[in-house]
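Student: Sequence and predicted structure, then a few things I'm wondering about:
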Amino acid sequence: MSRIGKMPIAIPAGVTVDIAENNKVTVKGPKGTLERVLPAELTIKVEGAELVVTRPDDQKKTKSLHGLTRSLLNNMVVGVTDGFEKKLEVNGVGYRAAKQGKKLTLSLGYSHPVEMEDPEGITTEVDAATNTILVKGIDKEKVGQYAAEIRTKRAPEPYKGKGIKYADETIRRKVGKTGKK
């Protein structure tokens with residue numbers, strides 16, 4: 001039995017969960033609404049104030065989908081109640097981030113500033129004093145994807161540590177070359 005899959009998901013007050021045919025799940029909460037079509041092999045039921053995911057058999061495919069489906073549902077419930085956020089740090093001399101409306105402008109040592117438009121459902125906040133970018137939203141997948149796209153504009157390099165990195169990321173530093181004696 002999947003240890004994650006068999007755990008029930010508590011539905012907090014103010015959150016409604018609707019399950020349509022073909023396992024189309026709609027979760028409504030104080031921060032917004034999320035919809036997702038989950039695998040049809042599994043059974044999703046609302047029992048009281050809990051969501052329960054069960055599988056019909058012990059085939060390899062259904063076993064692997066069991067924990068995944070439960071995690072996706074849990075992320076939807078957490079997203080509409082608390083939301084998700086990723087924190088990015090911009091390191092390097094002259095590297096900075098600025099925000100104008102829905103446009104994120106990054107100065108990353110290129111000959112031109114890099115401009116990025118916030119996707120729908122995602123907001124970014126820039127703290128100019130600490131040079132950090134905060135990506136927020138209710139969909140965990142979209143928040144992580146947009147944060148990764150920002151990071152790829154100038155990934156951190158191992159010698160000086162310049163670039164955009166996640167706040168909780170550690171960069172393995174390398175020793176530079178030494179001169180001849």
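Tutor: Now that the structure is in, tell me what you want to look at.

Student: give me the beta-bridge partners of Thr105?
Tutor: Beta bridges link Thr105 to Ala98, Glu115 when assigned by DSSP bridges.

Student: What residues does it make contact with?
Tutor: Ala97, Ala98, Lys99, Pro113, Val114, Glu115 (C-beta atoms under 8 Å, 6 or more residues apart in numbering). Yep, even glycine has a C-beta here, placed from its N, CA and C like the rest.

Student: 7 Å instead, please
Tutor: For Thr105, the contacting residues are Ala98, Pro113, Glu115, by C-beta atoms under 7 Å, 6 or more residues apart in numbering.

Student: Do I have it right that the second one meets Lys103?
Tutor: No - the pair Pro113 and Lys103 does not pass the contact test of C-beta atoms under 7 Å, sitting 10.3 Å apart.

Student: Below-threshold pLDDT in this protein: ranges please.
Tutor: Within the chain, the segments meeting pLDDT under 70 span 1-2, 181.

Student: Could you tell me which helix of this structure is the longest one?
Tutor: helix 60-81 (DSSP state H).

Student: What's the biggest strand in the chain, counting residues?
Tutor: In terms of residue count, the longest strand belonging to the chain (DSSP state E) is strand 84-91.

Student: Figure out the helix or strand that the residue nearest the centre of the chain lives in.
Tutor: Geometric centre of the chain, nearest residue: Gly144, 3.0 Å, by C-alpha atoms, centre = their mean. For Gly144, the host element (DSSP states H and E) is helix 140-152.

Student: CA-only coordinates of that helix in PDB, if you can.
Tutor: Coordinates of the C-alpha atoms in helix 140-152 are reproduced here as PDB (Å, rounded to 0.1, in the frame of the first residue of the first chain):
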ATOM      1  CA  LYS A 140       2.500  24.800  -7.200                       C
ATOM      2  CA  GLU A 141       3.500  23.600 -10.700                       C
ATOM      3  CA  LYS A 142       3.200  27.000 -12.300                       C
ATOM      4  CA  VAL A 143       5.000  28.700  -9.400                       C
ATOM      5  CA  GLY A 144       7.900  26.300  -9.700                       C
ATOM      6  CA  GLN A 145       8.000  26.500 -13.500                       C
ATOM      7  CA  TYR A 146       8.100  30.300 -13.600                       C
ATOM      8  CA  ALA A 147      10.800  30.400 -10.800                       C
ATOM      9  CA  ALA A 148      12.900  27.900 -12.900                       C
ATOM     10  CA  GLU A 149      12.400  30.100 -16.000                       C
ATOM     11  CA  ILE A 150      13.700  33.200 -14.100                       C
ATOM     12  CA  ARG A 151      16.600  31.200 -12.800                       C
ATOM     13  CA  THR A 152      17.600  30.000 -16.300                       C
END
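
Student: Which residues are in contact with the residue nearest to the residue nearest to the centre of the chain when sequence neighbours are not counted?
Tutor: Spatial nearest neighbour of Gly144, excluding adjacent residues (C-beta to C-beta, 6 or more residues apart in numbering): Lys86 at 6.5 Å. Neighbouring residues of Lys86 by C-beta under 7 Å, 6+ apart: Val135, Val143, Gly144, Ala147, Tyr166.
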